[in-house]
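1. show me the folded form of this:
(chains A and B)
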Amino acid sequence: MLIELKNVRKIYKIGHQELHALKGINMNIGEGELVSIVGPSGSGKSTLLNILGILDGFDEGHYELAGTRMEKLSENKAAYYRNKFIGFIFQSFNLITFKNAMENVALPLYYQNVSRKKRNALALEYLDRVGLKDWADHLPSELSGGQNQRVAIARALISQPKLILADEPTGALDSETSAEVMDLFKEVNKLGITVIIVTHEHDISKKTERIIHLIDGQIENDGNINELR
Amino acid sequence: MFNLDQWQEIAATIRKNKMRTFLTAFSIAWGIFLLVVLLGAGSGFLNGVLYQWRDDAMNSFKITPGTTSMPYKGMKPGKKIQLTNEDFDKIASNVQGVEHITARYFLSGEYPIRYKLNHARFMVRSTHPGHLYYENTIITQGRFLNELDLKERRKVAVIGENVLKVLSINEEPLGKWIEINQIPYKVVGVFIDAGATFELSTIYIPISTAQMVYNGANKVHEILFTTGTASLKDTRLMFTQTKNILVEHHKFSPDDYRAIDISNNNETMQKFLNMISGIKFFIWIIGVGTITAGIVGVSNIMMISINERTREIGIRKAIGAMPASIISLVLHESFVITLIAGYVGLVLGVATIEFASWAFEHFKLQSEFFRNPEIDFKTVITATIFLVFAGVLAGFFPARLAAKIKPVEALREE
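-> Modelled structure (predicted):
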C-alpha cells in the first residue's frame, strides 16, 4: 500500500469550541490508483488532502506513506518527504509569478540541490511532455489557465513523485480544458503514479477509477466507479 | 553563502521587485551617508580646534608670576612675585621628568631693528635653548640658541623668516650682523613656526645676554618646560613639586593661586581630549541612531514583503523548501540589499567629504572652527562591519516570520 490511514482525526480549535474536521478516517490507497475524493464543502476533503500531502498535521490516528510513518514530523522531515514523494496541483495553479514556466517547473529540483543546468534541461523535457516546450520562457501571466495548470503538472512530475495530489485542479478551467487536464492525469497515472484528485465536479470524478465520498468528516462511500454505478 | 543558485534566486527576486528593493536600499544608503558625512564634519570641527593649538607643545607647563592675594607668615597680601634664574635652576634640577626647560625674559614692546639701511620693529624674545621645543619652532638655516651662547652671553640672534624678508637680507643671512636697539647681534639661525604667523616676526636672543644688556640681573618673566611622554598622573606630581619649590622660595600661601600661576597644559589637553571623545561619541550616537532607523525601515519593508510573498513562500514550502532555506533566502536578500546600499552610501559619503575637503582648501574657506573634514580608514572599516551586522539584524525578524509561514494557510484558496 502506498497510503494507509487508520482512524485519522483532525480537530480545529476555534476559541473554546472544537470543530471535528475529520472523525476517524480509515483508507488504503495502493500504488498506481487514480482516486477522486468528493463531497460537499465543509466535508473535510481539503483537510484530508492537506494531511495526505503532509502540509498539515492530525490529532489522532496513523498515517503511513510508502511505508513511512508520517506522525509528528519535524518541518524539515515534512519538507523532505513532500519533495521526494509528492507532487501538488492546485486550483489556482500556485506558480511563482516572477518565474517563467521553465524556472517554475525546475524549482522542486532546486530544493534537491540539482545543478541549474541539469534541472533546466529536465524542466524543458517535462514541459515538452505537457506540450509547452515553446512556452518555456513565458511568465504565468502570459499563459492561459489550461497552460498554467499544465506547467503546474510538469512541476509536480519533475521530482518523479509516487503520489500526485490535486486540489480542485479544474476548478478554474473551462470544460474543454478540464477534459485536457484530466487526460493528462490519466496519462500520468498510466506511468504508475498514484493520483488523488479532490473535486466537487461529477464530470471529473467519474473519470477516475475509485471515488471516496466524504460527508461531515467521515467516509460515506468508498468504491470502484463501476460498483458505485 | 557561496551557493550560486541562491544568488540567482535573490537576483531574480530583486529584479522582479525593483521599487520595493529601491526603497529599502535607499533608507540604508541614506543612513550610512549621513553617518559618514557627520563623522567627516565632526573631524572637520576637531581639526579646526586642533589647529588653534598647533604651535604649542601640549605636554608642557607654563609658570607665570602674579601678586599674592593672601597673608602668609606675617606678610601682607599684595606682594609682587618675581621669578629668577634660581627658580629656573631649581625646577630644572629638582622636578622629576622635566624634558626641555626654558625661561623667558621679556624685552617689552617691539624693538627697532636695523640691517644696513633697512629699519623695522620686531618682537625680541630672550630664552634658553629649550624654547625650541616649547614653541614647535622649525629651524630652516643655521641653528637655534645653544648653551655656549648663554654661558658666554654671546650677542647672537635667531630670526624668523619674516624678519629676513622685511629687512631684505637677500644674501646668505648666517653670520650677518643686525642691530637690536643699536647693539649689534650676529645672525646664527633662521626659523619658521608651525603655528601663528606673528611668530615669524620674532627674534630670539640668549636670555643671559638680555639680562645683562637690558638690566635684567637674574630676573625672568616666565618659566616654561615640556614633560616628554610623562603621563597625566606624573605631570600632576610634577605640578606639586614645582609648586613646593616656588612656595618655599617665594614664601606665599600654597592656597594662593594668584601668587604664581602654574598651568599644566597636560590637564588642558586632557580636558580637550575628553571633549573630542565626547563629540565623537555624540556623532556615533546620531549616526548609529540614523542607521538603526534604516534597519527598522529595512526590517519593516522586508516584513511587508514577506506578507506579500506569503503565497510564494507557501508554494516553495509545499514543493520541498526547508525552513532553513527560506530563512537563508530572506536573510541573504536583506544582507545583499543592505551591503550594496550601504556601500553606495559609504562611497557617496566619502566622496562628499573629500569634495568638501577639497572645496575648503580650494576656496579658502578654512576657519578656526572648521577645516579639513576627513574620514579615516578605520572609521570606514567600522562602518562596514556595522553594516554587515545591520544587514543580518534587519533580515532576522522577517526571516523568522517567513519560516513560520504554514503552507496550508498560505495556499488556502481565497
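2. CA atoms only for stretch B:249-263, dumped as CSV, please.
-> Provided in CSV are the C-alpha atoms of stretch B:249-263 (Å, rounded to 0.1, in the frame of the first residue of the first chain):
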residue,chain,number,x,y,z
HIS,B,249,61.5,80.2,47.6
HIS,B,250,59.0,83.0,47.4
LYS,B,251,57.1,82.4,50.7
PHE,B,252,53.5,82.6,49.8
SER,B,253,50.5,80.5,50.9
PRO,B,254,50.2,77.2,49.0
ASP,B,255,46.5,78.0,48.6
ASP,B,256,47.2,81.3,47.0
TYR,B,257,46.6,80.7,43.3
ARG,B,258,47.1,84.3,42.4
ALA,B,259,50.7,84.4,43.6
ILE,B,260,52.1,82.3,40.8
ASP,B,261,50.1,80.7,38.0
ILE,B,262,51.3,77.2,37.2
SER,B,263,49.4,76.0,34.3
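3. tell me which residues of it come out buried.
-> B:249, B:250, B:252, B:253, B:256, B:259, B:260, B:262 (16 or more other CB atoms under 10 Å in any protein chain shown). Any C-beta I mention is one placed from the backbone N, CA and C, and that applies to glycine too.
4. what about residue B:223, neighbour count?
-> Neighbours of residue B:223 under the rule other CB atoms under 10 Å in any protein chain shown: 26.
5. circling back to that earlier point, possible to save the buried residues of stretch B:249-263 as CSV with distance to residue A:111?
-> Below are these laid out as CSV (distance: CB to CB, whole Å):
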residue, distance to residue A:111
B:249, 90
B:250, 90
B:252, 89
B:253, 87
B:256, 86
B:259, 86
B:260, 84
B:262, 78
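6. among these, which one lies nearest to chain A?
-> residue B:262 (74.5 Å; CB to the nearest CB).
7. secondary structure element holding the nearest residue to that closest one once chain neighbours are set aside?
-> Ranked by CB to CB, 6 or more residues apart in numbering or on different chains and with sequence neighbours excluded, the top spatial neighbour of residue B:262 is residue B:63, at 5.2 Å. Here residue B:63, judged by DSSP states H and E, is contained in strand B:60-65.
8. which residue does chain A have closest to chain B?
-> At 2.5 Å from chain B, residue A:83 is the closest residue in chain A, using CB to the nearest CB.
9. moving C-terminal of the host helix or strand of that residue, what's the next helix or strand?
-> Element membership for residue A:83 (DSSP H and E) is helix A:75-85. Where DSSP H and E defines the elements, the next helix or strand beyond helix A:75-85 is strand A:86-89.
10. just the residues contacting that following strand, thanks.
-> The list of residues contacting strand A:86-89 from outside it, by CB atoms under 8 Å, 6 or more residues apart in numbering or on different chains, reads A:53-54, A:82, A:94, A:108, A:149, A:152-153, A:155-157, A:159, A:161-167, A:169, B:318-319.
11. next up, the contacts around the residue in the stretch 151-300 of chain B that chain A sits nearest to.
-> Nearest to chain A, among the residues of the stretch 151-300 of chain B, is residue B:298, at 20.6 Å (CB to the nearest CB). Neighbouring residues of residue B:298 by CB under 8 Å, 6+ apart: B:24, B:27, B:28, B:334, B:337, B:338, B:390, B:394, B:395.
12. let's go with 7 Å and repeat that
-> Contact analysis of residue B:298 by CB atoms under 7 Å, 6 or more residues apart in numbering or on different chains lists B:24, B:27, B:28, B:334, B:337, B:338, B:394.
13. is it in a helix, a strand, or coil?
-> Using DSSP: H, G, I helix; E, B strand; the rest coil, the structure places residue B:298 in helix.
14. quick one: it and residue B:388, what's the gap?
-> 13 Å (CB to CB, to the nearest Å).
15. and stretch B:33-46, average pLDDT?
-> Here stretch B:33-46 scores 82 as its mean pLDDT.
16. give the buried residues for that stretch.
-> Buried, per 16+ other CB under 10 Å, within stretch B:33-46: B:33-46.
17. could you count how many residues lie near residue A:85?
-> 21.
18. check contacts around the residue nearest to it when sequence neighbours are not counted.
-> Leaving aside its sequence neighbours, residue A:85 sits nearest to residue A:162 (CB to CB, 6+ apart; 5.1 Å). Taking CB under 7 Å, 6+ apart, we find residue A:162 in contact with A:2, A:31, A:66, A:85, A:193, A:194.
19. how does it look with 8 Å?
-> A:2, A:31, A:66, A:85, A:86, A:193, A:194.
20. verify the contact between the third one and residue A:30 for me.
-> To tie it back to what came earlier, the one meant is residue A:66. No. Under the criterion of CB atoms under 8 Å, residue A:66 makes no contact with residue A:30, lying 11.3 Å away.
21. pull the most distant pair out of the contacts of residue A:162.
-> The distance between the two most remote of the contacts of residue A:162 (CB to CB) is 13.6 Å, for A:31 and A:86.
22. looking at the two, which has the bigger crowd around it?
-> residue A:86 (26 against 13).
23. what residues does stretch B:85-99 touch?
-> So stretch B:85-99 is contacted by B:59, B:63, B:101, B:103, B:128, B:133, B:211, B:218, B:220, B:223, B:225-228, B:230, B:234-235, B:237-238, B:241-242, B:245-246, B:249 (CB under 8 Å, 6+ apart).
24. list, one by one, the residues from the stretch 201-350 of chain B near chain A.
-> Proximity of the stretch 201-350 of chain B to chain A is confined to B:311-312, B:314-325 under the rule CB under 8 Å from any CB of the partner chain.
25. and with 7 Å instead?
-> Residues of the stretch 201-350 of chain B that fall close to chain A, judged by CB under 7 Å from any CB of the partner chain: B:311, B:312, B:315, B:317, B:318, B:319, B:320, B:321, B:322, B:323, B:325.
26. and the residues you listed as JSON lines, adding pLDDT and secondary structure?
-> Below are those laid out as JSON lines (pLDDT from 0 to 100; DSSP: H, G, I helix; E, B strand; the rest coil):
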{"residue": "B:311", "pLDDT": "89", "secondary structure": "helix"}
{"residue": "B:312", "pLDDT": "89", "secondary structure": "helix"}
{"residue": "B:315", "pLDDT": "92", "secondary structure": "helix"}
{"residue": "B:317", "pLDDT": "91", "secondary structure": "helix"}
{"residue": "B:318", "pLDDT": "91", "secondary structure": "helix"}
{"residue": "B:319", "pLDDT": "90", "secondary structure": "coil"}
{"residue": "B:320", "pLDDT": "89", "secondary structure": "coil"}
{"residue": "B:321", "pLDDT": "90", "secondary structure": "coil"}
{"residue": "B:322", "pLDDT": "90", "secondary structure": "coil"}
{"residue": "B:323", "pLDDT": "90", "secondary structure": "helix"}
{"residue": "B:325", "pLDDT": "87", "secondary structure": "helix"}
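27. so which of these wins on neighbours?
-> residue B:317 leads those on contacts (other CB under 10 Å) with 28 neighbours.
28. what about the spatially closest residue to it that is not a sequence neighbour, distance to residue A:68?
-> Sequence neighbours aside, residue B:407 is the residue nearest to residue B:317 in space, at 4.3 Å (criterion: CB to CB, 6+ apart). When distance is defined by CB to CB, residue B:407 is 19 Å away from residue A:68.
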